[in-house]
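*Asks:* Sequence first, then the predicted structure, then my questions.
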Amino acid sequence: MINLNINLTNYVLIYKNKYNLNLEKENIMSDLKEDLKYEPFSNLKMLCFSIGPLLVNLTWIMLRKIQIYATKALGIPIIMVFTIITIWVIWDAINDPITGHLLDKSSKFTSKYGKRYPFILIGILGTLLTIFLLFYPISTSIIILFIWLLIITCIWDFFQTIYELSSEGQIVDIFRDHKQRYKRGGFAHIFIGIATIIGAIIVPVLITTFGGEYDAFAYLYTAIIIIIIVLILTIPYAWSVREPLEMIEFRTNLDKEGKSYSSVTQFIKRAMTDRNWLGFIIIYLGYAVGMNILTTILDFFIVDYLGLPIAYSGLAAAAFLLVSFLSIPIWMKIANKVGSRKTVFYGMIFMLSGHFLILFADTLTTLMIFLPIIGFGWGAMGVGLAANSYEAIDNATLKSGIREESSYLGISRFFVASGLFWQIAIFTLVSYMTGYDPLLGTNNSDLAKLGLKLQLSLIPAIILLICTLLFMKLNIITKEIAIQNKQKLLELGL
């Protein structure tokens, strides 16, 4: 009888503790819901706000065409294209952190127009101008074209950086609730998918229609159409990114209190010793390299390995994108249940598996079977990757007491932009080792064609695997920690 009473008492205590723990978790969620800093976006406003990634990706899609444009349309040697990208990455390494710091430090427009809004518009307009100049063939001289592309690429990067850091910096502040962040991530991924459709299907078709991949003006006319599309979409986007009055007042007060920035050296030291931020940077870099390889090498693989017109790359990409679109609701449910960290992990596993299987693709049909596996993983990254970066910034803000979103995003942007450098570095090295020449097309050797396949399959699979393992080792922000961090930031007035 005594043992029975003891067991019953223990059972009651265990149940009570478990109940209190669950109640505490529910209270955290409830408090966070009640203490939202800004009014949640309506579906319409969220939809317009999520156009931002579409604008970013459309301009990036055109920039990524610089490789095939320079080598096939302008006849610039691969090594010179590699030199352009190398110098650009060096410039980018300097430009991104400094621009991020200056955007956080700037208080000139805050009280009247908002912290980020004016710079978002400046960045968009400057980017579109440089995209036009980038594809305007000013000469037939290889040297002049080399210098022109180098200068314009760096100017493009300056304006694109202003836009990206301002828009992403605004997201970290305005969306504090994890559900709003996942919702925005899901909406944004749909628009990123639309941009990818335009880049993978419509852009190749336009280039073919205007004269083909060997005609320089075909790229210019295509760029003009993309510029017009972006200008039209900027109208509803500009309405949605106008900062609310309470946000303007909050950022104005932070500027006055000196809580918007720290010195560049202090910030870089703090950011580069933050294990959670480093974990995000590594996974973001791996993801960027993988996506740059996929979107760039796919054209070469279709044209020079399979011997098909460049327009067929759009058909292959359609299989990838369809699954990615359909997976969004699934990944949003998973993210709400397990958090961004695990969502990113699952997504990377699918992506690296899909890349590995392309090793066995020798026809357009088999390629279209394996690409959807990558697409399914890409859906997870669209939902979870950005949210993971915001959680890492929240965690860092809690430790430092300073909101410097653009400075953090300046570092991440450099690494993601360097993804294009690593892709071209791999392309240059493999081309040199296998003897691949873009001007030979299908007349390249079997070894050269194998090099193209490896760049689309085994090489990105290995890169993604290494980055995934490092991410899981370094980044330890669970769903519960992320929720508690957001609550603490609200309590501290940050």
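*Replies:* Right, received. Where do you want to start?
*Asks:* Can you pull out the low-pLDDT segments for the stretch 351-494 of the chain?
*Replies:* Applying pLDDT under 70 to the stretch 351-494 of the chain flags the ranges 494.
*Asks:* Helices of that one, residue ranges please.
*Replies:* Assigned by DSSP state H, counting those that start in this stretch, the helices in the stretch 351-494 of the chain fall at 364-400, 405-434, 446-456, 458-474, 479-491.
*Asks:* I'd like to know how many residues surround the nearest residue to Gly435 once chain neighbours are set aside.
*Replies:* Spatial nearest neighbour of Gly435, chain neighbours left out: Ala448 (5.3 Å); criterion: CB to CB, 6 or more residues apart in numbering. The way it works is simple: take the backbone N, C-alpha and C, and place the C-beta from them, glycine included. Neighbours of Ala448 under the rule other CB atoms under 10 Å: 19.
*Asks:* Ala448 and Phe300: what is the separation?
*Replies:* Distance of Ala448 to Phe300, given as CB to CB, to the nearest Å: 10 Å.
*Asks:* before we move on, back to that, using TSV, lay out the helices of the stretch 351-494 of the chain together with distance to Val56.
*Replies:* Formatted as TSV, the helices of the stretch 351-494 of the chain follow (distance: least, CB to CB, whole Å):
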stretch	distance to Val56
helix 364-400	12
helix 405-434	10
helix 446-456	24
helix 458-474	22
helix 479-491	25
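*Asks:* looking at these, which is closest to Leu134?
*Replies:* Comparing the helices of the stretch 351-494 of the chain by their distance to Leu134 (CB to CB), the top pick is helix 405-434, with 13.9 Å.
*Asks:* how about the closest one: buried residues?
*Replies:* 405-428, 430-431, 434 (16 or more other CB atoms under 10 Å).
*Asks:* Out of the helices of the stretch 351-494 of the chain, which gets nearest to Ala218?
*Replies:* For the helices of the stretch 351-494 of the chain, proximity to Ala218 was assessed by CB to CB; helix 405-434 is nearest, at 21.7 Å.
*Asks:* quick check, distance from the closest one to the centre of its chain.
*Replies:* In terms of CA atoms, centre = their mean, to the nearest Å, the centre of helix 405-434 is found 13 Å from the chain centre.
*Asks:* So what touches stretch 373-381?
*Replies:* If you take CB atoms under 8 Å, 6 or more residues apart in numbering as the criterion, stretch 373-381 is touched by 189, 287, 291, 294, 319-328, 330-331, 334-335, 343-344, 346-355, 357.
*Asks:* And stretch 333-349, by the same measure?
*Replies:* In contact with stretch 333-349 (CB under 8 Å, 6+ apart) are residues 178-179, 182, 185, 283, 286-287, 331, 377-381, 383-385, 387-388, 391, 464, 467-468, 471-472, 475, 477-479, 482.
*Asks:* Can you get me a residue count around the nearest residue in space to Leu465 that is not next to it in sequence?
*Replies:* Nearest residue to Leu465, sequence neighbours excluded (CB to CB, 6+ apart): Leu352, at 5.3 Å. Neighbour count for Leu352, taken as other CB under 10 Å: 24.
*Asks:* Repeat that for Tyr221.
*Replies:* Residues near Tyr221, counting by other CB under 10 Å: 15.
*Asks:* do Val344 as well
*Replies:* By other CB under 10 Å, neighbour count at Val344 equals 28.
*Asks:* Show the model's pLDDT score for it.
*Replies:* pLDDT for Val344: 94.
*Asks:* what's the answer for the one 4 residues further on, then?
*Replies:* According to the predicted model, the pLDDT of Met348 comes to 96.
*Asks:* low-confidence ranges in the stretch 201-350 of the chain?
*Replies:* Residues of the stretch 201-350 of the chain that meet the cut-off, pLDDT under 70, sit at 257-262.
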